[in-house]
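Here you go, sequence then predicted model.
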Amino acid sequence: MRESKVAKIRVVPLLMILAVVFGILYGIEEQFYVFRLKHIEVVPRSSLLEKEASKLAGGSASRFWPLVFFEYKHLKNEVEKKYPIQISMKADGWGKVVLQWTQLQPYFAVRWRDRKWFITTTGLCWPESNPLWKDGGIDNPSYNELNIVWDNTMPPLVPDIDSTNLIEVRQSIFPVRTMVKFIEEMHQTPWVEKIRGIALSKLAGDIVADVSFASLGRDVNILLEFSESIWKRLSPAIETIVKSSDVNVLYLDATYKDKIVIKTR
């Protein structure tokens, strides 16, 4: 009993000292604004992102600037969901903060639902209408400009998309690896001069590719299973057909089991 009273007696002066210290610090802050957030710089400059960064300048962080780093995590999640960028933040002197951002680099551009969607190597995607992209807030990146179409017979390119999140950065189901391998295999085919476009669709439950390319002075269109190994296996037969043809435009259907059908349109 006596020990608990002694402990309470010891705690009271400590609390009084802390109260005095905090009171002094508060008085200094009110007089000299020592702990105020002075400035948030966005690098590179962007009016859209400066508006987003201004959210950090409100509330508790405006009076005690180190708190801005606690609020930054929420802002990062929010901004990277809205725009195709990655952001980071660092202190740049007392009360000064720098918000740096870099744009995501698309690898493919895909046409789906009458919109152009940019897709990264990890499958992240966003529409051309994304505000930061549309308003010229980012540089024009280099990406594979091959005309790729995602047909309406395919599952939604972006799952669970609706009018409320149509311009956001989302995870797509686009088969990036398969597409890269397929294109590489075609590029390694000596008699294929130029790939003009690839349209992916579903046929009898399988994903098929409608490929348009230039070969030996002719325009060739072929429908086949979407697989680089299938292209490699059928390549010799396709070459024979192209070389023996006397027409300038060829339409081939290689979705049959043991044959390639030559069609006319």
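Done, it's in.

Look up how far residue 107 lies from residue 125.
As judged by Cβ to Cβ, to the nearest Å, residue 125 and residue 107 stand 10 Å apart. In short, each C-beta sits where N, CA and C put it, glycine included.

Need the residues touching each of these two.
Counting by Cβ atoms under 8 Å, 6 or more residues apart in numbering, the residues touching both residue 125 and residue 107 are residue 119.

More neighbours: which of these two?
Using other Cβ atoms under 10 Å, the more surrounded residue of residue 125 and residue 107 is residue 125, with 26 against 19.

Can you give me the pLDDT of the more buried one?
pLDDT, residue 125: 95.

Do me a favour and get the end-to-end distance for stretch 220-235?
In stretch 220-235, first residue to last residue: 13 Å (Cα to Cα, to the nearest Å).

Now that stretch: buried residues?
Buried residues in stretch 220-235, counting neighbours by 16 or more other Cβ atoms under 10 Å, are found at 220-228, 230-231, 234-235.

and that stretch, average pLDDT?
97.

And the closest residue to residue 184 other than its chain neighbours, how far from residue 182?
Distances taken as Cβ to Cβ, 6 or more residues apart in numbering put residue 228 closest to residue 184, at 7.3 Å, once the chain neighbours are dropped. To residue 182, residue 228 is 5 Å away according to Cβ to Cβ.

what's the answer for residue 152, then?
21 Å.

Please apply the same query to residue 49.
Relative to residue 182, residue 49 is positioned 37 Å away (Cβ to Cβ).

I figured the residue nearest to residue 184 hits residue 188, correct?
No - with contact defined as Cβ atoms under 8 Å, residue 228 and residue 188 do not form a contacting pair (9.7 Å).

what does the model give residue 24 for pLDDT?
On pLDDT, residue 24 comes in at 51.

Now the terminal residues of stretch 55-63, how far apart.
14 Å.

Revised request: answer the last question for stretch 39-55.
12 Å.

Which residues does that stretch contact?
Stretch 39-55 is contacted from outside by 56-57, 68, 75, 78-79, 82-83, 85, 87, 92, 95-101, 131-132, 135, 137, using Cβ under 8 Å, 6+ apart.

what's the answer for stretch 214-229, then?
Outside of stretch 214-229, the residues within contact range by Cβ under 8 Å, 6+ apart are 175, 178, 181-182, 184-185, 191-194, 196, 200, 203, 206-213, 230-231, 234, 238, 242-243, 245, 247-255, 260.

ok, now how distant is residue 236 from residue 260?
Distance from residue 236 to residue 260, by Cβ to Cβ: 11 Å.

any idea where the helices of the stretch 151-265 of the chain begin and end?
Assigned helices in the stretch 151-265 of the chain, in chain order: 176-187, 228-244 (criterion: DSSP state H, counting those that start in this stretch).

you'd agree residue 242 is up against residue 250?
Yes - using Cβ under 8 Å, residue 242 is in contact with residue 250, at 6.4 Å.

Serialize the helices of the stretch 151-265 of the chain to TSV and add fields for distance to residue 37.
Formatted as TSV, those follow (distance: least, Cβ to Cβ, whole Å):
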stretch	distance to residue 37
helix 176-187	41
helix 228-244	54
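
Residue 152 and residue 182 - which one has more neighbours?
residue 182 (23 against 10).

pLDDT score assigned to the more buried one?
What the model reports as pLDDT for residue 182 is 97.
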